[in-house]
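Undergrad: structure of the sequence below:
(chains A and B)
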2 protein chains.
Amino acid sequence: MKRFSLNQATTRHWPLPDLVAGCAEAGVTGAGLWREDVQAYGVERAAALIRDAGMTVTSLCRGGFFQQSGWEEENRRAIDEAATLGAPALVLVSGGLPAGSRDIDAARAHVGEAIGRLVPYALDAGVQLAVEPLHPMFASDRCVVASLRQALDLAAPYPAETVGVVVDTYHLWWDDGVWDQIARAGRERRIACFQVADWVTPLPAGVLLGRGLPGTGCVELRRFREAVDAAGYTGPIEVEVFAEEVWARPGADVLREALAGYRSHVAELPAPVEEDDRAP
Amino acid sequence: MKRFSLNQATTRHWPLPDLVAGCAEAGVTGAGLWREDVQAYGVERAAALIRDAGMTVTSLCRGGFFQQSGWEEENRRAIDEAATLGAPALVLVSGGLPAGSRDIDAARAHVGEAIGRLVPYALDAGVQLAVEPLHPMFASDRCVVASLRQALDLAAPYPAETVGVVVDTYHLWWDDGVWDQIARAGRERRIACFQVADWVTPLPAGVLLGRGLPGTGCVELRRFREAVDAAGYTGPIEVEVFAEEVWARPGADVLREALAGYRSHVAELPAPVEEDDRAP
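TA: Next up, the predicted model:
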């Protein structure tokens, strides 16, 4: 339970003060936040709200989208916001192909250059850039970084404290190379954030909002948690689910189900009780 | 033009005799067929129709779905049908996870065992089994084989004339490892079929019917064709597009557009005309 964090995207329509109160009531101390929501509420005000509730921000989503004009200024603002919130990591969704382009190699090279340009600023701000590989179904329009190996290769030229990676079960579950890459990410000390969502079909149109709460799909979530643990990761475990049907429900109900799914399918199982321990 | 083949799935509602007549009129001599359509028309009758038109069947789709009960009998029937049609390759879509299972490693191991069981029968029939890696968005419900490397690893224990792979641009375009794997597939003489479709977004619900005709999306189709050529592949190039909006149009129109897209985005460009050649 200590490591559980509610990513705000899971309860999208839950106003931030209600989310914070709901988390406090449920004993949840971590939250992953989103820039749009934080900006709407006020960055300083959100930072104070979280801090005053004894909570921490586990990540800020998201920077990236390096194929858009003005990406550098926008990402500097995102780094500033992460610093203000005390978020250790800024999640980078790197963006898809530029309009009309078919040159995915060039788009990937540009992501590498863009990260390099942001590194000094992130270092000054004390924010780790967290390169997130997205599922290959998003490669053209949201993120040309489509595997954990690619994300680690992009991070490799820079210090681990400044450029890390996100391990998100939803994006990576299909990849039989992911276990070796999680071990590598651990050795390179680059796991900035671990996010959990389940894979459910059929996918909806647009495929963005088809994720499932932990336990509702086919991903070996516990295997992923054990793998990041074995790689030395001790940080938060964010439940991050985008789904219209989840969003339609009250935030507190979703949080309850997310916690139940987390306990059953992600967290360490309680050690079996030994006979001797039960004896008086 | 000699290598162009129309996969029947591209013009799904075009009756087989009309498709054959339309291909003849357009100078197209190859067609990839689908079992359901061939069975509905009659396998022997379809074989005669194609043969009498001077055409060849470039592949039969599809065997596989090894997670379904009765897969072995069903795949033997598919091999028989391929042999009757003179199709050199039976495309295998290997199937997803068994109902309720999260064990993708076990499902992949089962695919390997199933292929092994079919090899002697395919060898006798003179049909090459063609393992098709599908896009990872289909990994849970249609095909646990999600990369060309996996498909080649599955094929590796068996003779290349009996187990090959399908290179389909739609499924593989996002993978930066695909170029090395195409070269490997060539060295191992395993490219059984090369299929072309373009990637277009947004994806429709269910994601099966979202493909684009060549040139309508973001895939480097010519780069793929050059890569399979460089790997020594000299076989047919099937245009295989599943899309409701393509299916809604007359077959002959779709064939015309597929040919135009093939010429502009896939085929070798005509050699530039030299000054000297133009002189009388």
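
Undergrad: contacts, neighbours, all on C-alpha from now
TA: Will do.

Undergrad: what ranges does chain A have for its strands?
TA: A:4-7, A:30-34, A:56-64, A:89-93, A:128-131, A:163-168, A:191-196, A:198-199, A:211-212, A:237-239 (DSSP state E).

Undergrad: closest point of the stretch 151-280 of chain A to chain B, which residue?
TA: Ranked by C-alpha to the nearest C-alpha, the top residue of the stretch 151-280 of chain A for proximity to chain B is A:A205, at 3.7 Å.

Undergrad: picking that back up, take the strands of chain A and lay them out in TSV including mean neighbour count, distance to chain B and mean pLDDT.
TA: Formatted as TSV, the strands of chain A follow (neighbours: other C-alpha atoms under 10 Å in any protein chain shown; distance: least, C-alpha to the nearest C-alpha, whole Å; pLDDT from 0 to 100):
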stretch	mean neighbour count	distance to chain B	mean pLDDT
strand A:4-7	27	23	98
strand A:30-34	24	23	98
strand A:56-64	25	19	98
strand A:89-93	28	16	98
strand A:128-131	30	17	98
strand A:163-168	29	15	98
strand A:191-196	26	15	98
strand A:198-199	24	8	98
strand A:211-212	26	12	98
strand A:237-239	27	19	98
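
Undergrad: okay, these in JSON lines with distance to B:G30 next?
TA: Formatted as JSON lines, those follow (distance: least, C-alpha to C-alpha, whole Å):
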{"stretch": "strand A:4-7", "distance to B:G30": "52"}
{"stretch": "strand A:30-34", "distance to B:G30": "52"}
{"stretch": "strand A:56-64", "distance to B:G30": "45"}
{"stretch": "strand A:89-93", "distance to B:G30": "43"}
{"stretch": "strand A:128-131", "distance to B:G30": "45"}
{"stretch": "strand A:163-168", "distance to B:G30": "44"}
{"stretch": "strand A:191-196", "distance to B:G30": "47"}
{"stretch": "strand A:198-199", "distance to B:G30": "38"}
{"stretch": "strand A:211-212", "distance to B:G30": "41"}
{"stretch": "strand A:237-239", "distance to B:G30": "50"}
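
Undergrad: about what we covered before: and the residue nearest to the residue of the stretch 151-280 of chain A closest to chain B when sequence neighbours are not counted, how many neighbours does it have?
TA: Nearest residue to A:A205 in three dimensions, chain neighbours excluded: B:A205, at 3.7 Å (C-alpha to C-alpha, 6 or more residues apart in numbering or on different chains). Neighbourhood size, B:A205 [other C-alpha atoms under 10 Å in any protein chain shown]: 16.

Undergrad: need the contact list for A:V91.
TA: By C-alpha atoms under 8 Å, 6 or more residues apart in numbering or on different chains, the residues touching A:V91 are A:59-64, A:129-132, A:166.

Undergrad: tell me how many other residues crowd A:E73.
TA: Using other C-alpha under 10 Å as the criterion, A:E73 is surrounded by 11 other residues.

Undergrad: how deep is the nearest residue to A:F224 once chain neighbours are set aside tucked in, by neighbour count?
TA: Excluding its sequence neighbours, the residue lying closest to A:F224 (C-alpha to C-alpha, 6+ apart) is A:T169, at 7.0 Å. When neighbours are counted by other C-alpha under 10 Å, A:T169 registers 24.

Undergrad: A:T169 contacts A:R222, correct?
TA: No. Assessed by C-alpha atoms under 8 Å, A:T169 is found out of contact with A:R222, at 10.0 Å.

Undergrad: tell me the contacts of A:L213?
TA: A:197-198, A:239, A:241, A:257-258, A:261.

Undergrad: at 10 Å instead, please
TA: A:10, A:196-200, A:239-243, A:246, A:254-255, A:257-262 (C-alpha atoms under 10 Å, 6 or more residues apart in numbering or on different chains).

Undergrad: could you do A:Q195 as well?
TA: The contact partners of A:Q195, by C-alpha under 10 Å, 6+ apart, come to A:4-7, A:32, A:166-171, A:224-225, A:236-241.

Undergrad: show me the helices in chain A, by range?
TA: For chain A, applying DSSP state H gives helices covering A:16-26, A:35-41, A:43-52, A:71-85, A:104-125, A:148-155, A:169-172, A:178-187, A:221-230, A:244-247, A:251-265, A:275-278.

Undergrad: and the residue of the stretch 51-200 of chain A found nearest chain B, backbone torsions?
TA: Nearest to chain B in the stretch 51-200 of chain A, going by C-alpha to the nearest C-alpha, is A:R102, at a distance of 4.7 Å. Phi and psi for A:R102, reported as degrees, to the nearest 10, are phi -120, psi 10.

Undergrad: number of nearby residues for A:A109?
TA: Neighbourhood size, A:A109 [other C-alpha under 10 Å]: 12.

Undergrad: likewise for A:D153?
TA: For A:D153, the neighbour count with other C-alpha under 10 Å is 11.

Undergrad: again, but for A:Y121
TA: For A:Y121, the tally of surrounding residues (other C-alpha under 10 Å) stands at 16.

Undergrad: and the pLDDT for it?
TA: Looking at A:Y121, its pLDDT reads 98.

Undergrad: report the contact partners of it.
TA: A:75-76, A:79-80, A:127, A:162.

Undergrad: low-confidence ranges, the stretch 101-250 of chain A, go.
TA: By pLDDT under 70, the stretch 101-250 of chain A has no low-scoring segment.

Undergrad: enumerate the residues of it near chain B.
TA: Applying C-alpha under 10 Å from any C-alpha of the partner chain, we find that the stretch 101-250 of chain A lies next to chain B at A:101-105, A:108, A:135-141, A:144-147, A:150, A:171-176, A:199-208, A:210, A:217-221.

Undergrad: hang on, the earlier thing: hmm, the residue nearest to A:F224 is touching A:V196, no?
TA: Yes. Taking contacts as C-alpha atoms under 10 Å, A:T169 lies within contact range of A:V196: 5.3 Å.

Undergrad: mind listing the shared neighbours of the two?
TA: A:219, A:221, A:224-225, A:240.

Undergrad: spatially central residue for chain A, please.
TA: Geometric centre of chain A, nearest residue: A:Q195, 4.5 Å, by C-alpha atoms, centre = their mean.

Undergrad: and stretch A:27-34, how far out from the chain middle?
TA: Between the centre of stretch A:27-34 and the centre of its chain there are 12 Å (C-alpha atoms, centre = their mean, to the nearest Å).

Undergrad: residues contacting the residue nearest to A:V145 when sequence neighbours are not counted?
TA: The shortest distance from A:V145 to any non-neighbouring residue, by C-alpha to C-alpha, 6+ apart, is to A:P133 (5.0 Å). Counting by C-alpha under 10 Å, 6+ apart, A:P133 touches A:92-94, A:139, A:143-152, A:165-168, A:171-172.

Undergrad: swap in 6 Å and give it another go.
TA: Going by C-alpha atoms under 6 Å, 6 or more residues apart in numbering or on different chains, A:P133 touches A:145-148, A:151.

Undergrad: okay, these in CSV with neighbour count next?
TA: Below are the contacts of A:P133 laid out as CSV (neighbours: other C-alpha atoms under 10 Å in any protein chain shown):
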residue, neighbour count
A:V145, 30
A:A146, 23
A:S147, 24
A:L148, 28
A:A151, 25
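
Undergrad: hang on, the earlier thing: can you pick the most crowded of the contacts of A:Y121?
TA: With neighbours taken as other C-alpha under 10 Å, the top of the contacts of A:Y121 is A:I79, carrying 29 neighbours.

Undergrad: and that residue, how far from A:S59?
TA: Here the criterion is C-alpha to C-alpha, to the nearest Å. By it, A:I79 lies 11 Å from A:S59.

Undergrad: ok, A:H110 next?
TA: For A:H110, the distance to A:S59 (C-alpha to C-alpha) stands at 24 Å.

Undergrad: so the residue of the stretch 51-200 of chain A closest to chain B is in contact with B:L221, correct?
TA: No. Using C-alpha atoms under 6 Å, A:R102 makes no contact with B:L221, being 9.4 Å away.
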